[in-house]
Each structure stands twice: as structure tokens, then as C-alpha cells.
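Colleague: please work out how this folds:
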Amino acid sequence: MDGRRMLGKLQVSSIGLGVQNMSRTYQTTLPSRTEMHRIIRAAFDHGMNFYDAAEAYGPHEVERILGEGVASFRNEVVIATKFGWNIDLETGARGPGLISRPAHVKLAVEGMLKRLRTDRIDLLYQHRVDPQVPIEDVAGAIQDLMTEGKVLHWGLCEMGLKTLRRAHAALPVTAVQSEYSMLWRGPEQEVLATCAELGIGFVPWSPLGVGFLTGAIDAGTRFAEGDIRGIETRFAPANIEHNLVLVNLLRDWAARKQATPARIALAWLMAQRPWIVPIPGTTQMAHLLDNLGAAEVVFSAAELRELNAAVAAVAVQGERLPPTVQAYSGVEAPLR
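Modeller: Numbers count the residues shown, from 1 in each chain. Have a look, this model is predicted:
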């Protein structure tokens with residue numbers, strides 16, 4: 001895979017690898033650790049240098065898997081990870097709510113460095129905005145970590161726009177991470193324009209609609225107990241038939257461009273802005289190799305207009321997240 005993109009002043013491969021499910025898949029199965037290491041290595045061998053983790057994934061375990069996987073080429077890759085959920089620093093046990101108190105953030109980063117087997121985190125995100133902590137206080141903690149050389153860049157995920165502006169004013173933000181795909185186009189309303197104005201990169205999580213846009217889910221699909229997709233109303237039987245119009249659109253374009261639905265979905269995202277870097281996650285080598293090929297799919301201006309119009313014509317039915325999870329998105333930090 002050729003091609004690099006800029007997230008603010010940070011250069012990364014045009015597609016990254018989300019490693020969230022490498023400790024437990026959506027279907028709740030446990031992948032082979034050795035195979036996850038092979039996938040991490042294969043991504044690197046094919047030109048991908050951007051890996052996305054979080055302390056909350058596992059919790060803790062995904063950072064360990066990534067640290068093991070990149071150990072032999074750590075200095076040639078960009079590692080992103082995230083703090084902010086209430087995760088016990090020692091045990092990894094998940095508690096209720098969020099913690100972004102500066103002292104806690106600094107301790108959380110010490111644990112991340114150990115698990116990732118590194119001396120610095122290239123891109124550190126606040127995973128969700130803590131409604132109890134002014135974002136300027138969070139930025140101050142990150143600035144201290146930057147001064148120590150433990151963090152190189154920072155970003156925010158799923159934040160309120162006022163908080164993004166305040167964060168950027170306090171300490172320049174490199175990237176914003178939020179859900180964005182043909183299945184969820186919310187960032188098009190305001191977030192992308194704000195990133196463009198401020199010179200901030202954008203990293204879409206779930207760029208393949210948690211597998212839906214690849215064609216892996218159909219009207220007959222039922223989800224395992226514990227699979228979050230089973231409680232997302234966009235996949236409820238009443239809505240999925242309607243939303244499959246998007247999958248059919250992707251299949252049509254895949255045939256037209258001699259690609260796959262996954263490659264079309266990722267290439268469409270990258271075509272929206274030159275500073276968008278999707279991070280599809282996978283635990284299967286074949287899917288990794290398929291995703292890598294998205295960087296080779298190019299749309300002419302006329303094709304992009306046609307595809308954009310076709311996507312815009314589909315009104316996705318159902319919500320992207322359960323209300324209890326959705327409540328953490330778009331939150332504004334308190335004023336100092």
C-alpha cells in the first residue's frame with residue numbers, strides 16, 4: 001500500500017489498523033494471539049504504519065497484544081491509544097463512568113507505556129469527554145506528558161464541538177476520532193467543517209459499519225449474546241432490510257470498479273477529504289488484505305459526485321448506538 005496522509009502535523013499511512021477486537025471479537029470469540037501478531041506484522045509489511053488501540057479495549061489486553069506485535073519495528077510505526085473511561089489502573093476492571101482528572105491521566109499513560117512496550121505514545125486521545133473536568137485541565141496534563149516526551153500528539157473522540165475548539169486553543173489538536181461511514185454520516189453536519197477550519201485530521205472508527213458495509217450482515221443475521229450490534233436498532237429486523245440498500249449500492253460499485261464492497265466503502269471515506277484516515281479493524285488476514293486494497297481505488301470527480309448522491313439518497317433507519325452509549329457522545333466539558 002502506497003500513500004501517506006497528514007493528521008495535523010502527523011504523517012500516517014492512508015489507512016490504519018484498528019486493533020480493538022484482537023482480544024475479543026464482536027461475536028465474543030477469543031482470537032489466537034499468535035495470529036493477531038501475524039496480522040499486525042502483515043499490515044506493516046504492506047505499508048500500513050498506523051495502529052489504533054485504547055486502554056478500554058480488553059481492557060488493557062489489546063494494548064499488550066499491540067505492544068508485542070510491533071516490538072520489532074516499533075520505531076517505524078505510529079501508535080494511537082486512548083484514556084478516559086473508568087478503568088482500574090492495576091486490574092483493568094471497568095468501573096462506571098469516566099475519569100480524565102489530570103493525575104489519573106498521567107498514571108494511565110504510565111500503564112499504557114508498559115503494556116505497549118514503548119517510551120512514548122505517538123497519538124493519545126481522550127476517549128470520551130469527562131463532564132466533570134475542564135478540557136483545559138486535560139490539555140495541561142497532556143502538555144506535561146509532551147514535555148516529558150511521553151506523548152507526541154493528542155486528539156479527542158466523539159466530543160462536543162465547543163470542547164474541540166477549547167481543546168485546540170489550549171493545546172493544538174492533531175486528530176479527531178468519531179464514527180463515520182456510509183452507515184453513519186453524522187460528522188458531515190459540523191465536525192468535518194470544524195476540522196477543516198482548524199487543520200485537524202479526522203479518523204473514522206467503524207468505517208465499515210461494524211461489518212455491515214462488507215455484506216457480512218443480512219436480514220437473517222442474528223447476533224451473539226454480548227455482541228453490541230444486537231442492541232443497535234439500525235440492525236433490528238424492522239430496519240435492516242431498508243438499510244441493506246447501502247450494501248447493494250456498494251456491490252454495484254464494487255463490480256463497476258473491479259473491487260470489493262469493503263474497498264469501495266473505505267475509498268469513499270478517503271475521497272471525502274485528504275486528511276481522513278479510516279482505521280478498519282479486523283482479526284482475519286483476508287480482511288486485512290482486502291482493506292489495504294482500498295487505497296488503490298480512485299474515483300473520478302464525476303464518479304464521486306454520482307456515488308455521493310446515491311449515498312445521500314439513502315436515509316439510514318435506526319440508531320447507531322444504544323442510548324446508554326450514545327449519551328457519552330457530543331458531550332461538552334465544563335468551563336473552568
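Colleague: the closest residue to residue 228 other than its chain neighbours: how many residues sit nearby?
Modeller: The shortest distance from residue 228 to any residue that is not its chain neighbour, by C-beta to C-beta, 6 or more residues apart in numbering, is 6.9 Å, and that residue is residue 26. Where you see a C-beta, it was placed from the backbone N, CA and C, and this is true even at glycine. Burial of residue 26 is recorded as 18 neighbouring residues (other C-beta atoms under 10 Å).
Colleague: list the contacts of residue 26.
Modeller: Contacts here follow C-beta atoms under 8 Å, 6 or more residues apart in numbering; on that basis residue 26 touches 210-211, 223, 227-229.
Colleague: let me know the closest of these to residue 126.
Modeller: Relative to residue 126, the closest of the contacts of residue 26 is residue 228; by C-beta to C-beta it sits at 21.2 Å.
Colleague: now do that closest one against residue 258, distance only.
Modeller: The gap separating residue 228 from residue 258 is 33 Å, by C-beta to C-beta, to the nearest Å.
Colleague: who's more crowded, the two?
Modeller: In terms of neighbours (other C-beta under 10 Å), residue 228 is the more surrounded of residue 228 and residue 258; the figures are 13 against 8.
Colleague: isn't that one right up against residue 322?
Modeller: Yes: the pair residue 228 and residue 322 passes the contact test of C-beta atoms under 8 Å, sitting 7.5 Å apart.
Colleague: which non-adjacent residue is nearest residue 332?
Modeller: The spatially closest residue to residue 332, leaving aside those adjacent along the chain, is residue 160, at 3.8 Å (C-beta to C-beta, 6+ apart).
Colleague: relative to residue 129, how far out is that neighbour?
Modeller: Relative to residue 129, and taking C-beta to C-beta, residue 160 is found at 6 Å.
Colleague: one more: residue 113?
Modeller: 24 Å.
Colleague: ok, residue 18 next?
Modeller: Distance check for residue 18 against residue 129: by C-beta to C-beta, it reads 21 Å.
Colleague: where exactly do the strands run in the chain?
Modeller: Using DSSP state E, the strands of the chain run over 4-7, 10-13, 17-18, 50-52, 78-83, 85-87, 94-98, 121-126, 151-157, 175-179, 201-205.
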